[in-house]
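Q: No sequence on hand, only this structure:
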Ligand SMILES: [Zn+2]
């Protein structure tokens with residue numbers, strides 16, 4: 001069973017994402033950070049946008065704007081390599 005993010009972790013992640021948006025406007029990183037913020041507002045943050053699986057807290061902490069679970073990311077990476 002995966003561990004969910006605590007409210008405190010979530011706050012920290014949100015401020016990290018907001019910093020990226022503020023400091024690097026118009027970058028790819030900002031685009032992906034604001035998409036993550038949008039998912040936070042709609043309550044979808046922390047779930048894979050492909051399959052809906054919960055993304056592990058450790059993965060989110062390491063890469064706050066991540067939108068895919070490990071499995072979907074692996075598939076996508078494979079496609080991009082091909
Ligand atoms: Zn997935």
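A: That came in fine, so what should we check first? It should be emphasised that the depicted structure is a prediction, and the values quoted were computed from it without experimental measurement. Residues are numbered from 1 along each chain as shown.

Q: which SSE is residue 29 in?
A: helix 28-41 (DSSP states H and E).

Q: Around the ion, which positions in the protein sit nearby?
A: Listed as neighbours of the ion in the chain under the rule C-beta under 5 Å from the ion: 48, 50-51, 53, 69, 72. Every C-beta, even on glycine, is put in place using the N, C-alpha and C of the backbone.

Q: which one of those residues has the most neighbours?
A: When neighbours are counted by other C-beta atoms under 10 Å, residue 69 leads these with 21 neighbours.

Q: Name the residues that touch the helix ranked longest in the chain?
A: As assigned by DSSP state H, the longest helix anywhere in the chain is helix 7-23. For helix 7-23, contacts defined as C-beta atoms under 8 Å, 6 or more residues apart in numbering pick out 5, 27, 29-30, 33-34, 36-37, 40, 45, 57, 60-61, 64-65.

Q: what's the most distant pair in those residues?
A: Spatially, the most separated pair among the contacts of helix 7-23 is 27 and 57, at 25.8 Å (C-beta to C-beta).

Q: of the contacts of helix 7-23, buried ones?
A: Buried subset of the contacts of helix 7-23 (neighbour count, 16 or more other C-beta atoms under 10 Å): 5, 30, 33-34, 36-37, 40, 45, 57, 60, 64-65.

Q: Include pLDDT when you put those residues into CSV, please.
A: Formatted as CSV, these follow (pLDDT from 0 to 100):
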residue, pLDDT
5, 85
30, 98
33, 98
34, 98
36, 98
37, 98
40, 96
45, 96
57, 91
60, 95
64, 96
65, 96
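
Q: quick one: which of those is nearest to the ion?
A: Nearest to the ion among the buried ones among the contacts of helix 7-23, counting by C-beta to the ion, is residue 60 at 13.3 Å.

Q: how far does the strand or helix carrying that closest one sit from the chain's center?
A: According to DSSP H and E, residue 60 maps onto helix 57-62. Offset of helix 57-62 from its chain centre (C-alpha atoms, centre = their mean, to the nearest Å): 9 Å.
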